[in-house]
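**Q** Could you look at this predicted model? Sequence included:
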Amino acid sequence: MERTLPVVSNEYVVGLTDGEGCFYVNMGVSSRYRAGYRVQLHFHLKMQERDRELLEKVRNTIGCGEVYFQKEQRANHCQCYRYTVSSEKDIQETVIPFFKQYPLQSASKGASFEIFCKIASLVKEKKHLTPEGLEEIRELKSRMNQKTAGLA
């Protein structure tokens, strides 16, 4: 008999992401790429150390990513665990379809997710390998993760 991994509901993942999640695009200089930059897409959830098991259930529910300890250096901050998905394949094939099927409820997080999807589409089309594509990604990225993202 196969043992099933503990999970949480899809709606719970959405609520947790609305409150604690982050869709993030990292752009870094890299000589390994034609356009001189590497573009990485990330999805994160960060919670207190005591909630590690919950993050593992989220990972099991979504079906990809890793949970790891994130040492906190700042005073008055407790130790945390972070659930992260950074594989381009997992972002494109699992995370984006998940949140399209189970939409975020908060306007600001939803707006950031829509921009994240546009950037992911540009990366999938290899536009991040051109100066024009990088500039478009940079402009889109500047509108992410703001309280009024996309409301201008």
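**A** That came through, no problem.
**Q** for the protein, which spans come out with low pLDDT?
**A** 1-2, 147-152 (pLDDT under 70).
**Q** so where do the helices sit in it?
**A** Residue ranges of the helices in the chain, as given by DSSP state H, are 10-20, 52-62, 88-90, 96-101, 107-124, 131-141.
**Q** how about those helices, which one is nearest residue 70?
**A** helix 52-62 (10.8 Å; Cβ to Cβ). Every residue, glycine included, has its C-beta placed from N, CA and C.
**Q** Reformat the helices of the chain as CSV; add distance to residue 82 and mean neighbour count.
**A** Listed next are these as CSV, based on distance: least, Cβ to Cβ, whole Å; neighbours: other Cβ atoms under 10 Å:
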stretch, distance to residue 82, mean neighbour count
helix 10-20, 10, 17
helix 52-62, 8, 19
helix 88-90, 15, 13
helix 96-101, 18, 15
helix 107-124, 17, 19
helix 131-141, 20, 15
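**Q** Turn these into JSON lines, including distance to residue 29.
**A** JSON lines is the format used below for the helices of the chain (distance: least, Cβ to Cβ, whole Å):
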{"stretch": "helix 10-20", "distance to residue 29": "30"}
{"stretch": "helix 52-62", "distance to residue 29": "31"}
{"stretch": "helix 88-90", "distance to residue 29": "19"}
{"stretch": "helix 96-101", "distance to residue 29": "26"}
{"stretch": "helix 107-124", "distance to residue 29": "17"}
{"stretch": "helix 131-141", "distance to residue 29": "11"}
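**Q** which one's the longest strand in the chain?
**A** Counting residues, the longest strand found in the chain (DSSP state E) is strand 37-48.
**Q** now the closest residue to residue 15 other than its chain neighbours: how far from residue 8?
**A** Counting by Cβ to Cβ, 6 or more residues apart in numbering, residue 105 is the residue found nearest to residue 15 once chain neighbours are left out, at 7.3 Å. Look at residue 105 and residue 8: by Cβ to Cβ, to the nearest Å, they are 16 Å apart.
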